[in-house]
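> next one to model:
(2 chains)
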Protein chains: 2
Amino acid sequence: MKKKAETGKSLGKQIAEDLIRYILDKNLSPGAKLPNELELTRLLGVGRSTLREAVRSLVSRNVLEVRQGAGTFVTEHRLGVPDDPLGFTFIQDKEKLTMDLLEVRLFIEPRIAAQAAQTASANDIREIKALAREVEDLINTGKDHSHKDVEFHTRIAQISRNLVVPNLMPIIQQAIMLFVNTSNRVLGKETIETHRLIVNAIEEHDPIGASDAMTLHIIYNRNNLKTLFRQGKCP
Amino acid sequence: MKKKAETGKSLGKQIAEDLIRYILDKNLSPGAKLPNELELTRLLGVGRSTLREAVRSLVSRNVLEVRQGAGTFVTEHRLGVPDDPLGFTFIQDKEKLTMDLLEVRLFIEPRIAAQAAQTASANDIREIKALAREVEDLINTGKDHSHKDVEFHTRIAQISRNLVVPNLMPIIQQAIMLFVNTSNRVLGKETIETHRLIVNAIEEHDPIGASDAMTLHIIYNRNNLKTLFRQGKCP
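Numbering: from 1, shown residues only, chains lettered A, B, ... in the order given. Here you go, the predicted structure:
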């Protein structure tokens, strides 16, 4: 019994790798539909239960999405980046973790904003302006702006052309959001102001201005979070 | 049939979360052994097949390790950080990816080295000295030093006390190693020299010196990799 499970496990893993190879070879884009189960078992030369195990493991790695009744698709958002990929669940001191996450943002994002100011096209600028406006509207109407906020920062990372940071930034921001109520009014006001500064500097293709504005933005956030922690308003 | 698989899937996921909660509540350390299968099914109130699915999913998240004949253990290294957590498999341009990974190192590691220079204890310094020496010995005897090299940089990140970077650095370094033959002689010579500079600055509690030495180290690496890519020596 044990033996069988073990063999099944490594075969499932191998088939998962075959499926990844298939996605890469066929150049399937995020959102693309995979062949149906029967075809896949033929293509990969495996039984249905092994295929299902492989698909399940790729779902947990955020490579595939199974939509009930519709089929199996290549994941649309953050392909291949699973939930909690950096193991934050197992870091006990959530306050120190939050501050250290902001520190990592402070290492990375000012430089990324500077690069974005160098490389932004007219269209890129229109997009981040629109995102900044959407964040403002959400804040002003008292709604949760955190997801739009992540989109804003991720878009700037994409504009910088660095291939790693657009995958990394959302992980860090979402982890911070787990521990902090980001709909806080004070954070909101300063977010609006410093986002505007960032957008303006990128629009003016001013790398130093963009880096400074991003630094200001993150330090404001950090100071506010410190205060919230001191007041015991964070878990 | 489909319905059953779907239900099984979300139940397995739920039980996986229960297992994580169990590990956190019992404060189980990396390397700790879990109760046996029978006990776990009783504790969690599930059948053996659901439990096994949950365990498999936690193995793929690098939370648990199943050692044949010995039992199930909390993972010892990089708990909760799965393989390729940032989805690099799906980034096609491996040359640009490698250069961008080095860029991220350049954003993060000089600041981390500066912090390590402030916080390093006598024991910390002994440890990174020993690791630097081991890297040198491996390079001088023509052996692969890449794993010791990752250990050296990860140790510095731990000394800095930032909770995020020790989980992040190995992912970035190992991804670079996938694309580059790091046993290259030229990289070796400069690695020895710049590692020594880093260690000396940390020993002297000189944050600026440590930051500069780390910057030098990474830029050397970057220039060498650029040359290797131009010569077509990387995949």
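
> tell me the angle the top helix by length along chain A makes with helix B:94-119.
As assigned by DSSP state H, the longest helix anywhere in chain A is helix A:94-119. Angle of helix A:94-119 versus helix B:94-119, following axes from the mean of the first three to the mean of the last three Cα atoms, to 10 degrees, is 130 degrees.

> and the helix or strand following helix A:94-119, which residues are buried?
Per DSSP states H and E, the first helix or strand lying C-terminal to helix A:94-119 is helix A:122-140. In terms of neighbour count (16 or more other Cβ atoms under 10 Å in any protein chain shown), helix A:122-140 has its buried residues at A:D124, A:I125, A:E127, A:I128, A:L131, A:A132, A:V135, A:E136, A:L138, A:I139. Bear in mind the C-beta positions are built from the backbone N, C-alpha and C, glycine included.

> the helix or strand following helix A:122-140 and chain B in contact?
Once helix A:122-140 ends, the next helix or strand along the chain (criterion: DSSP H and E) is helix A:146-159. No - counting by Cβ under 8 Å from any Cβ of the partner chain, no contacts exist between helix A:146-159 and chain B, the nearest distance being 10.7 Å.

> continuing past helix A:146-159, what's the next helix or strand?
Sequence-wise, the next helix or strand downstream of helix A:146-159 (DSSP H and E) is helix A:165-179.

> can that following helix be said to contact chain B?
Yes - counting by Cβ under 8 Å from any Cβ, contacts between helix A:165-179 and chain B involve A:V165, A:N167, A:L168, A:I171, A:I172.

> the fourth one: neighbouring residues, count only.
Right, the one you point to is A:I171. 23 (other Cβ atoms under 10 Å in any protein chain shown).

> would you mind measuring from it to A:F229?
The spacing between A:I171 and A:F229, counted by Cβ to Cβ, to the nearest Å, is 21 Å.

> could you list the domains of chain A?
A:2-74, A:88-230 (automatic domain parsing).

> so for the last one, first residue to last residue, what's the gap.
In this case it means domain A:88-230. 22 Å (Cα to Cα, to the nearest Å).

> so how far is it off the chain centroid?
The chain centre lies 12 Å from the centre of domain A:88-230; the measure is Cα atoms, centre = their mean, to the nearest Å.

> quick check: mean pLDDT of that domain?
The pLDDT scores in domain A:88-230 average 91.

> over to the shortest one?
Summarised as a single mean, pLDDT over domain A:2-74 is 85.

> just to revisit the earlier point, just the buried residues of the residues of helix A:165-179 next to chain B.
Among the residues of helix A:165-179 next to chain B, the ones that count as buried by 16+ other Cβ under 10 Å are A:V165, A:N167, A:L168, A:I171, A:I172.

> isn't the first one up against B:V104?
Yes - contact criterion Cβ atoms under 8 Å: A:V165 and B:V104 qualify, at 6.7 Å.
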